[in-house]
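# the sequence and its predicted three-dimensional model are supplied below.
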Amino acid sequence: MQTTKTVQKGVGNGSNPVLESGDYRVADLSLADWGRKDINVSEFEMPGLMELRKEYGPRKPLQGMRVAGSLHMTVQTAVLIETLQELGAELRWCSCNIFSTQDHAAAAVVKAGSAHVFAWKGESLQDYWQCTDRVLTWPDGEGPHLVVDDGGDITLLIHEGFKAEKMFEADGTLPDPDSTKNAEFKCVLQTLRDSVQRDPTRFQRMANRVIGVSEETTTGVNRLVQMARDGTLLFPAINVNDSVTKSKFDNTYGCRHSLPDGLARATDMMLAGKVCVVCGFGDVGKGCAEALRAAGARVFVTEVDPICALQACMQGYTVTTLEEALTEADVVVTATGNRDIVMKEHMARMAEARRPGGSRPASVPVVCNIGHFDNEIDWEGLVQDPSIRRETIKPQVDRFIWPHGGSVVVLAEARLMNLGCATGHPSFVMSCSFTNQTLAQIELVTHHDTGKYQNSVYVLPKHLDEKVARLHLPKLGAKLTHLTDSQAKYIGVDKEGPFKPAAYRY
């Protein structure tokens, strides 16, 4: 694992409160100049954010707003951070994945004073949750007004902290890390235990202060919807993931680009002629399957949803079960957003077929995840089995070898392989996602106290979804056709849009 160092204090000239206070933690501040050059190039590929700076920058709609962000600390995210800053926000930021930070981007943001950043590539789980906790703690001890979340970890910490404080208030009960066997939730409970003992009303005050959260991804949205259904959601949430210009762009086109990129950087394997299994044929799975087929692979799809399965059939993919495809699969990609998809027993069968004398002895299959969390692949089952030898080929590329000699390669410790093994989605598609994020933050502030947003989950209105698309078309040289008055009247829309009803499926 990569060695990191904490930069406690930078050399400031008094004009950079981040450096001057030392209130950040990154791997290496000397990478900042490289990061700045990379950010400058990405700005050309992120026209939506740059246009929002022009439109909203002078008005400063986020003036005075404290924004806490948990989203992959990449070059593209740096452009989002600096857009929110230009709109008036004060920011603290961490990554939502222990492997996804681009250290030069984190350093550049800190050196510029754009945000207090707590992120580096290769964090431990304990580091990760400590960073998340620090992002929620301003120097005066109070928390944010707004949250930008990806996977819902900040939202989870606030809600679990709120519950923990209520329990402590009622009978003195403290969170107990030994109450769970889950290594990550142990860290969450320890973080909360420490917080309650320091300040037993901190998260309650925070929950009252937060105006709302904008959530980036499917899994985080599912968490929010469940809390809203249970009546436990503490503040309004905007589901950015289901904006069409996010789900059909970032999820599909982004994964179409970054899945083969991650496979190539991690393994250098040729995909043509290989048997590739994509678990899940939602927006992410669709992009993955398309990319693999375009590279010449034979693509199988697994699905539980009959509509998605039928879509896969109509697009020419073989729809089958993982169990039936295992012994033939050269690559298995999980893209479901669910849990327990590829278990140790599945990988054992794959390895068995690759043992000397097995049906496929000349190959080593690759198993990887491009869903969200690390629970689609049974990583713990592998590393805790003493009979299976782990051989680290390079960071985030591990080969697991069974006693009989068969093996499998697992990427990014079962976390997001496109960010752990490559650099994630390209700037242009992230511009679509992050333009939605910025508009969501403006929307939450603009309509705070108007009653428009209650403690529930919302999507951005259709006209803003279309605005995101419109901002990106000039970069591609596209020219829109304009409706005549009679055409608009005939189909029952305004000439300027929205052009589709809210329920339209693109």
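Nice, thanks for sending it over. Residues are numbered from 1 along each chain as shown.
# wait, a strand at Cys276?
Yes: assessed by DSSP: H, G, I helix; E, B strand; the rest coil, Cys276 belongs to a strand.
# beta partners of it?
Val299, Val331 (DSSP bridges).
# contacts only, for it.
292, 297-300, 329-333 (CB atoms under 8 Å, 6 or more residues apart in numbering). Using the backbone N, CA and C atoms, a C-beta is placed for each residue, glycine as well.
# over to Arg399?
364, 390-393, 407-409.
# can you pick the most crowded of these?
Highest neighbour count within these: Val408, with 25 neighbours (other CB atoms under 10 Å).
# got a list of what it touches?
Val408 touches 347, 350-351, 354, 364-367, 399-400, counting by CB under 8 Å, 6+ apart.
# then Gly316?
Applying CB under 8 Å, 6+ apart, the residues near Gly316 are Arg293.
# can I get the contacts of Arg399 in TSV including distance to Cys279?
TSV is the format used below for the contacts of Arg399 (distance: CB to CB, whole Å):
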residue	distance to Cys279
Val364	19
Arg390	23
Glu391	25
Thr392	25
Ile393	23
Ser407	20
Val408	15
Val409	17
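# minimum pLDDT in these, which residue is that?
pLDDT is lowest at Val364 among the contacts of Arg399; the value there is 94.
# was I right about that one contacting Arg354?
Yes: counting by CB atoms under 8 Å, Arg354 is a contact partner of Val364 at 6.3 Å.
# intersection of neighbour lists for these two?
Taking CB under 8 Å, 6+ apart as the criterion, Val364 and Arg354 both touch 407-408.
# ok, now which ones touch the most centrally placed residue in the chain?
The centroid of the chain falls nearest to Asp150 when counting by CA atoms, centre = their mean (4.6 Å). Shown in contact with Asp150 (CB under 8 Å, 6+ apart): 70-72, 96, 215-217, 220.
# next step: the residues you listed restricted to strands.
Of the positions in the contacts of Asp150, 70, 215 sit in strands, assigned by DSSP state E.
# between the contacts of Asp150, which is closest to Glu86?
Leu71 (17.5 Å; CB to CB).
# distance of the nearest residue to that closest one once chain neighbours are set aside from Gln487?
Using CB to CB, 6 or more residues apart in numbering and skipping the chain neighbours, the partner closest in space to Leu71 is Asp150 (4.1 Å). From Asp150 over to Gln487 the distance is 40 Å, taken as CB to CB, to the nearest Å.
# got the end-to-end distance for stretch 362-369?
End-to-end span of stretch 362-369 (CA to CA, to the nearest Å): 24 Å.
# figure out how far it is from the centre of its chain.
On the basis of CA atoms, centre = their mean, to the nearest Å, stretch 362-369 sits 24 Å off its chain's mean C-alpha point.
# got it, and stretch 40-50?
20 Å.
# equivalent analysis for stretch 20-36, please.
Remark: stretch 20-36 is offset 22 Å from the chain centroid, using CA atoms, centre = their mean.
# what residues sit buried inside that stretch?
Neighbour-count burial for stretch 20-36, counted by 16 or more other CB atoms under 10 Å, picks out 23-27, 29, 31-32, 35-36.
# stretch 478-497 now?
Result for stretch 478-497 [16+ other CB under 10 Å]: buried residues 483, 488, 497.
# near the closest residue to Thr137 other than its chain neighbours, how many other residues are there?
In space, and not counting its chain neighbours, Thr137 is closest to Gly143: 7.0 Å by CB to CB, 6+ apart. For Gly143, the count of nearby residues is 24 (other CB under 10 Å).
# could you measure from Gly143 over to Val18?
Distance from Gly143 to Val18, by CB to CB: 18 Å.
# same deal with Gln63?
Separation of Gln63 from Val18 (CB to CB): 19 Å.
# between these two, point out the one with more neighbours.
Set side by side, Gln63 and Val18 show more neighbours around Val18, with 21 against 11, by other CB under 10 Å.
# hang on, that one packs against His116?
Yes: counting by CB under 8 Å, Val18 touches His116, with 5.4 Å between them.
# flag every buried residue along stretch 281-295.
Buried residues in stretch 281-295, counting neighbours by 16+ other CB under 10 Å, are found at 281-293, 295.
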